[in-house]
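Colleague: Structure, please.
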Amino acid sequence: MGSTIAYYIGYYAGRPLILRYGRFVGLGEDDLTRAERWFAKYGDWANLIGHALPGVRSFISFHAGIGKMDVRRYVAFTAAGSAIWNTVLAVAGYALLDRWIAFARSTEGLDAILLAAALIIVLVYVYAGKRAHRREEGSQRLSWRRTR
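Modeller: Prediction:
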């Protein structure tokens, strides 16, 4: 239910929010258009895999809404991805049983490291994309000046 609410938030408010406030996090209309094209091409699989991965599953529904994914396909792929995730959790819980506390202690802090690494990867990706876009705009301006 929560994923569907996030989908509809993305569907109705996502694009306007990004167009209005995206510049504060380095996003513009060209980024949004490129993301919408990517999601139109890979949206079903992105939604399925995204709902099967921790961290990603919290945000993929907004992207599906912004990409205007068909709601029936969205629900089907969300259910399948969530089923995969829940099966992994159930199997892991069964396999660990009494060793759960030892496992939790051995991986303490790993979530913060993974979150920091993911954030760095996203920031580098956005920065590299913006830099390439600026370079492209600069070369277009230079070619325009040469033709004058």
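
Colleague: quick one: low-confidence parts of this protein?
Modeller: With pLDDT under 70 as the threshold, the chain has low-confidence stretches at 138-148.

Colleague: Could you measure from the residue nearest the centre of it over to Ala6?
Modeller: Ranked by distance to the mean C-alpha position of the chain (Cα atoms, centre = their mean), the top residue is Ile60 at 5.1 Å. When Cβ to Cβ, to the nearest Å is the yardstick, Ile60 and Ala6 sit 9 Å from each other. For every residue, glycine as well, the C-beta is placed using N, CA and C.

Colleague: Over to Val56?
Modeller: Counting by Cβ to Cβ, the gap between Val56 and Ala6 amounts to 13 Å.

Colleague: thinking again about what came up before, list the contacts of the residue nearest to the centre of the chain.
Modeller: Remark: with contacts taken as Cβ atoms under 8 Å, 6 or more residues apart in numbering, Ile60 is in contact with 46-47, 50-51.

Colleague: Of the residues you listed, which is the most crowded?
Modeller: Asn47 (28 neighbours; other Cβ atoms under 10 Å).

Colleague: isn't that residue right up against Thr78?
Modeller: Yes: counting by Cβ atoms under 8 Å, Asn47 sits close enough to Thr78 to count as a contact (6.2 Å).

Colleague: residues shared between the contacts of these two?
Modeller: Residues touching both Asn47 and Thr78 (Cβ under 8 Å, 6+ apart): Ala64.

Colleague: one step back: if you look at the contacts of Ile60, which of them are in helices?
Modeller: 46-47, 50 (DSSP state H).

Colleague: which one of Val56 and Ala6 has more residues nearby?
Modeller: A count of neighbours by other Cβ under 10 Å puts Ala6 above the other of Val56 and Ala6, at 19 against 15.

Colleague: For the more buried one, give me its contacts.
Modeller: Taking Cβ under 8 Å, 6+ apart as the contact definition, Ala6 lies against 61-62, 65.

Colleague: Quick one: the strands in this protein, in order.
Modeller: When assigned using DSSP state E, the chain turns out to have no strands.
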